[in-house]
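*Asks:* Dropping the sequence and predicted coords here.
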Amino acid sequence: MKTAKLVVGILSIVLFVLVGMQSCVAGLGNTVSNNGEVGGSAGLLLAVCLLVAGIVAICTRNGGKGGYVSAGFYIVGGLIGLLCAGSYADLNIWSGLSIFFGILCIVGSRKQQ
């Protein structure tokens, strides 16, 4: 599971860039259209959670309680994204992937104990 945590961590850091850029554009679109949605801001929060969780997953892939910390960031970021997506439909995909990464980190941490 060490390899899986490393791969998930690297994917998370790469997704941070993609989700962050998409969220900036979605937030700009929400501002210009003045529709009152917060999908762009929620996407930025998800992107930051992906970055933090990815770094923690990489640093703690050899064991310890860090797997649960990264899983917490993945799941909280995913829930924020799912609840606040609005018309930013891609955020639902990124949020689901984040929750999946969180579950994978929990399973990986359980197997290492």
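*Replies:* Arrived safely, thanks for sending.

*Asks:* can you count the residues close to residue 105?
*Replies:* 30 (other Cβ atoms under 10 Å). (C-beta placed from N, C-alpha, C; glycine too.)

*Asks:* how about low-confidence regions in the chain?
*Replies:* 64, 113 (pLDDT under 70).

*Asks:* what about the helices in it?
*Replies:* 2-33, 39-59, 66-84, 90-112 (DSSP state H).

*Asks:* Now stretch 27-45: buried residues?
*Replies:* 27, 30, 37-40, 42-45 (16 or more other Cβ atoms under 10 Å).

*Asks:* quick one: contacts for residue 99?
*Replies:* 74-75, 78-79, 82 (Cβ atoms under 8 Å, 6 or more residues apart in numbering).

*Asks:* Check those residues for burial and list the buried ones.
*Replies:* By 16+ other Cβ under 10 Å, the contacts of residue 99 give 74-75, 78-79, 82 as buried.

*Asks:* For the protein, which residue occupies the most central location?
*Replies:* In the chain, the residue lying closest to the centroid (Cα atoms, centre = their mean) is residue 50, at 3.5 Å.

*Asks:* Enumerate every residue touching it.
*Replies:* Going by Cβ under 8 Å, 6+ apart, the list of residues near residue 50 reads 12-13, 15-16, 19, 73-74, 77, 94, 98.

*Asks:* Can you lay out the contacts of residue 99 as TSV showing distance to residue 107?
*Replies:* Below are the contacts of residue 99 laid out as TSV (distance: Cβ to Cβ, whole Å):
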residue	distance to residue 107
74	12
75	13
78	16
79	19
82	21
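
*Asks:* Pick the one among the residues you listed closest to residue 55.
*Replies:* Nearest to residue 55 out of these is residue 74 (Cβ to Cβ; 12.1 Å).

*Asks:* Perfect, I'm done here.
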